[in-house]
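I'd like to go over a predicted model; first the sequence, then the structure.
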Amino acid sequence: MSNEMLEKGKAKRASVMGQPFVDRAFAGDPEAFGADFQRFMTEYAWGAVWGRGNLTDRERHMITIGILAALGRTGELSGHLRATANTGVSERDLSDVLHQVAIYAGVPAALGAFNLAKQVYAEREEGRGE
């Protein structure tokens with residue numbers, strides 16, 4: 001992938017997850033273990049996939065959240081739940097997505113995601129969320 005795709009990915013990632021998130025991802029030695037994975041993820045996930053167009057960031061974010069919730073990937077899910085403020089995913093949108101997860105992936109997966117979302121929303125209200 002080109003530097004152009006990396007820069008496109010960084011911009012998209014920052015617009016969804018926030019610039020501080022991207023800054024932390026790329027902080028430190030660019031040759032350190034894992035740095036190449038950050039570049040790879042940013043080029044492909046954020047530049048090539050999130051940057052495809054057609055779907056809005058809001059739509060793409062709801063799909064991503066549904067997949068992460070269905071798979072029980074709570075570490076990634078919590079970051080994406082925090083980032084809903086950046087993509088226009090409302091609490092009602094999130095509730096609808098998690099209801100879909102309950103039907104198609106199971107109630108325990110949806111319940112875990114609902115509980116995590118409550119925690120993220122509480123942190124946001126207290127001013128502790130990103």
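Everything's here; your move.

any idea of the mean pLDDT for the longest helix along the chain?
What stands out as the longest helix in the chain, according to DSSP state H, is helix 107-125. For helix 107-125, mean pLDDT rounds to 96.

how about the residue in the chain sticking out farthest from the centre, secondary structure?
Centroid-distance maximum for the chain: Glu31 at 25.0 Å, with Cα atoms, centre = their mean. Assigned state for Glu31: coil (three-state reduction, DSSP: H, G, I helix; E, B strand; the rest coil).

report pLDDT for it.
92.

same question, the one 4 residues further on
Per-residue confidence (pLDDT) for Ala35: 93.

ok, and the closest non-adjacent residue to it?
Among residues not flanking Ala35 along the chain, Asp29 sits closest, at 6.7 Å (Cβ to Cβ, 6 or more residues apart in numbering). Where C-beta positions appear, they are placed from N, C-alpha and C, glycine not excepted.

just to revisit the earlier point, ok, now how distant is the residue farthest from the centre of the chain from Ile63?
34 Å (Cβ to Cβ, to the nearest Å).

swap in Gly112?
Counting by Cβ to Cβ, the gap from Gly112 to Ile63 is 18 Å.

pull the contacting residues for the most centrally placed residue in the chain.
The structure's the chain has its C-alpha centroid closest to His80; by Cα atoms, centre = their mean the separation is 3.2 Å. The neighbours of His80, taking Cβ atoms under 8 Å, 6 or more residues apart in numbering as the test, are Met17, His61, Thr64, Ile65, Leu68.

so who does the third one touch?
What that stands for is Thr64. With Cβ under 8 Å, 6+ apart, Thr64 has these contacts: His80.
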